[in-house]
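Novice: No letters, just coordinates:
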């Protein structure tokens with residue numbers, strides 16, 4: 001059984017197909033047709049809803065794509081849809097701002113925009129254009145144009161009004177806390193099951209006994225098998241309520257990141273210690289996806305074009321893995337074995353990712369090259385991390401995505417750099433060494449020759465920046 005609040009109504013679901021998405025649940029089971037189906041892949045935002053949860057004793061509201069949200073993810077949460085925003089006989093102030101700004105034409109995308117504005121207003125203390133654009137980047141409008149929608153966002157943030165959600169916040173916190181128990185949840189029918197453990201011990205026991213189960217972290221990748229490939233997943237294990245997988249630990253020696261921590265949280269917490277990592281996460285899909293997708297999930301799906309793995313490889317990350325009661329550590333550069341193949345044993349899962357602070361060089365840089373600035377897949381992703389002593393490179397860690405069947409370090413290039421100064425000759429020798437490291441493929445995103453030339457050019461850019469010869473505005477930097 002799972003329990004959650006649909007606005008303020010307690011809902012208990014005893015038997016429901018674990019493959020049911022929240023979008024289909026709302027439209028087909030609850031008759032809430034305000035939430036629209038657009039792409040069923042998390043790209044357009046028409047299906048955006050808001051999830052409320054308790055963090056440090058207060059309500060936190062986050063936008064998510066309901067088309068990629070399995071029903072089991074609602075356990076212990078508050079689900080808010082566009083139908084819930086009406087304040088008595090008045091529109092919610094974010095809805096009124098959309099009306100006053102003439103920010104809707106056909107209206108199909110409008111409910112999703114409204115829910116993004118609602119969460120933006122709840123999480124803001126005033127108007128911030130960059131934050132607003134980030135909040136709206138996952139919502140596609142085909143006819144109105146974004147200027148009036150951004151104007152509605154400005155009005156909503158500058159002129160917030162107390163609503164029923166803030167008035168009942170303490171009550172909602174208490175009700176959600178009452179739903180939090182150490183007893184595992186379950187979504188079960190005859191043909192499907194989603195087990196929802198609350199502790200690592202529960203997860204480890206169940207996964208060891210059922211190694212064929214699919215691990216469901218944020219679901220932003222796995223759920224596509226349901227919505228795009230029309231598969232039925234008979235057995236899943238949802239990870240987001242496992243307390244140990246949500247822990248962030250920082251010591252003078254290391255940062256240890258729980259595998260199920262969402263990317264949006266990683267982005268905030270790494271801003272001070274690893275600015276390039278945080279900046280690149282801002283280009284990782286949309287806010288709705290980052291609110292669900294996890295660092296551990298991005299690693300475990302072993303995509304050759306995953307954005308996080310090259311950065312973690314360049315930072316010499318170590319994975320903490322668990323199988324049953326056994327824990328082991330594995331350097332990330334030994335984790336990927338082949339296309340979508342990893343070193344995980346049957347019943348083993350990623351518990352945490354450790355970054356030793358000795359690897360956090362100020363010379364760390366990362367660049368993503370894609371056709372769109374946001375919400376797009378990398379053609380090539382490059383991460384560079386060197387250390388210098390008196391101008392000589394003493395350590396080099398260079399990693400790329402999109403250049404091979406796995407995210408991979410450039411071993412020959414690294415060897416060519418160590419012991420060298422940042423000279424033009426050393427740079428060109430390192431660029432030639434890249435040809436020994438990679439034989440990229442041609443596909444719909446880029447040709448093999450273009451990828452290789454791009455990898456070399458990114459290395460040249462890195463060198464010129466470190467030498468102070470190149471001062472350019474990064475495409476990821478916000479310009480008002």
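Specialist: Cool, the structure landed. The model shown is predicted, which means the values in this text are computed figures rather than measured ones.
Novice: contacts, neighbours, all on C-alpha from now
Specialist: Noted.
Novice: How about the backbone phi and psi for the residue with the largest distance to the centre of the chain?
Specialist: Farthest-out residue of the chain from its mean C-alpha position, per C-alpha atoms, centre = their mean: residue 425, at 39.4 Å. With angles defined as degrees, to the nearest 10, residue 425 sits at phi -70, psi -40.
Novice: Which residue ranges of the stretch 301-450 of the chain form helices?
Specialist: Listed in chain order, the helices of the stretch 301-450 of the chain (DSSP state H, counting those that start in this stretch) span residues 308-314, 411-417, 424-437, 448-466.
Novice: And for the stretch 151-300 of the chain?
Specialist: Going by DSSP H, counting those that start in this stretch, the stretch 151-300 of the chain shows helices at 164-167, 169-179, 200-209, 224-227, 263-269, 275-281, 287-290, 295-300.
Novice: Just name the most buried of the helices of the stretch 301-450 of the chain.
Specialist: Ranked by mean neighbour count, the helices of the stretch 301-450 of the chain are led by helix 308-314 with a mean of 26 (mean count of other C-alpha atoms under 10 Å).
Novice: could I get the helices of the stretch 301-450 of the chain as JSON lines with mean pLDDT and distance to residue 289?
Specialist: Below are the helices of the stretch 301-450 of the chain laid out as JSON lines (pLDDT from 0 to 100; distance: least, C-alpha to C-alpha, whole Å):
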{"stretch": "helix 308-314", "mean pLDDT": "98", "distance to residue 289": "14"}
{"stretch": "helix 411-417", "mean pLDDT": "98", "distance to residue 289": "33"}
{"stretch": "helix 424-437", "mean pLDDT": "97", "distance to residue 289": "32"}
{"stretch": "helix 448-466", "mean pLDDT": "96", "distance to residue 289": "27"}
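Novice: Any chance of CSV for those helices, columns distance to residue 320?
Specialist: As requested, the helices of the stretch 301-450 of the chain are arranged in CSV below (distance: least, C-alpha to C-alpha, whole Å):
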stretch, distance to residue 320
helix 308-314, 14
helix 411-417, 24
helix 424-437, 27
helix 448-466, 30
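Novice: So what touches stretch 411-418?
Specialist: Residues from elsewhere that reach stretch 411-418 (C-alpha atoms under 8 Å, 6 or more residues apart in numbering): 392-398, 426-427, 429-434, 436-437.
Novice: one more time with 6 Å, if that's ok
Specialist: With contact meaning C-alpha atoms under 6 Å, 6 or more residues apart in numbering, stretch 411-418 is reached by 393, 394, 395, 396, 430, 433, 434, 437.
Novice: what does stretch 100-111 give?
Specialist: 46, 82, 144, 148, 149, 152.
Novice: rerun that using 10 Å as the cut-off
Specialist: For stretch 100-111, the surrounding residues in contact (C-alpha atoms under 10 Å, 6 or more residues apart in numbering) are 34-38, 44-49, 81-83, 94-98, 113, 116-117, 139-153, 155.
Novice: Is it possible to mark the buried ones in those residues?
Specialist: 34-38, 44-49, 81-82, 94-98, 113, 116-117, 139-141, 144, 146, 148-153, 155 (16 or more other C-alpha atoms under 10 Å).
Novice: In helices only, show me the residues you listed.
Specialist: Taking DSSP state H as the definition of helices, the buried ones among the contacts of stretch 100-111 contribute 94-98, 113, 116-117, 146, 148-153, 155.
Novice: Show me which pair in the residues you listed is furthest apart.
Specialist: 96 and 146 (16.6 Å; C-alpha to C-alpha).
Novice: Would you mark the buried spots in stretch 119-127?
Specialist: 119, 120, 121, 122, 127.
Novice: okay, these in a markdown table with secondary structure next?
Specialist: Output for the buried residues of stretch 119-127, formatted as a markdown table (DSSP: H, G, I helix; E, B strand; the rest coil):
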| residue | secondary structure |
| --- | --- |
| 119 | helix |
| 120 | helix |
| 121 | helix |
| 122 | helix |
| 127 | coil |
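Novice: Format the residues you listed as CSV; extra columns: pLDDT and distance to residue 245.
Specialist: What follows is the buried residues of stretch 119-127, written out as CSV (pLDDT from 0 to 100; distance: C-alpha to C-alpha, whole Å):
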residue, pLDDT, distance to residue 245
119, 98, 25
120, 98, 27
121, 98, 29
122, 97, 26
127, 97, 34
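Novice: For residue 372, grab the count of nearby residues.
Specialist: The criterion is other C-alpha atoms under 10 Å. On that basis, residue 372 has 10 neighbouring residues.
Novice: Spatially nearest residue to residue 337 (excluding sequence neighbours)?
Specialist: residue 343 (6.6 Å; C-alpha to C-alpha, 6 or more residues apart in numbering).
Novice: Now find how far off-centre stretch 272-289 is within its chain.
Specialist: 9 Å (C-alpha atoms, centre = their mean, to the nearest Å).
Novice: And it, end to end?
Specialist: As for stretch 272-289, its first-to-last residue distance stands at 22 Å under the measure C-alpha to C-alpha, to the nearest Å.
Novice: List the buried residues for that stretch?
Specialist: In terms of neighbour count (16+ other C-alpha under 10 Å), stretch 272-289 has its buried residues at 274-289.
Novice: do the same with stretch 132-141
Specialist: Quick answer for stretch 132-141 (16+ other C-alpha under 10 Å): 132, 135, 136, 137, 138, 139, 140, 141.
Novice: name the helices or strands packed onto the helix or strand encompassing the second one?
Specialist: Take DSSP states H and E as the rule and residue 135 turns out to sit in helix 129-136. In terms of contacts (3 or more C-alpha pairs under 10 Å, 6 or more residues apart in numbering; DSSP states H and E), helix 129-136 is packed against helix 110-122, helix 146-158, helix 287-290.
Novice: what's in contact with the shortest one?
Specialist: Outside helix 287-290, the residues that touch it by C-alpha under 10 Å, 6+ apart are 42-43, 45, 48-50, 62-66, 68, 116, 134-139, 218-221, 262-267, 281-284, 293, 375.
Novice: again, 6 Å this time
Specialist: Residues contacting helix 287-290 (C-alpha under 6 Å, 6+ apart): 63, 64, 65, 263, 264.
Novice: Excluding chain neighbours, what is closest to residue 396?
Specialist: residue 386 (4.3 Å).
Novice: From residue 160, how far off is the one you found?
Specialist: Taking C-alpha to C-alpha, one finds residue 386 at 47 Å from residue 160.
Novice: more neighbours, these two?
Specialist: residue 386 (23 against 16).
Novice: So for the more buried one, what's the pLDDT?
Specialist: Among the per-residue scores, residue 386 holds a pLDDT of 97.
Novice: Surely it and residue 394 touch.
Specialist: No: using C-alpha atoms under 6 Å, residue 386 is not in contact with residue 394; the gap is 7.5 Å.
Novice: where do the contact lists of the two overlap?
Specialist: With C-alpha under 6 Å, 6+ apart, residue 386 and residue 394 have no common neighbours.
Novice: quick check: domain ranges of this structure?
Specialist: Split into domains by automatic domain parsing, the chain comes to 2-13+28-178, 179-238, 245-359, 368-466.
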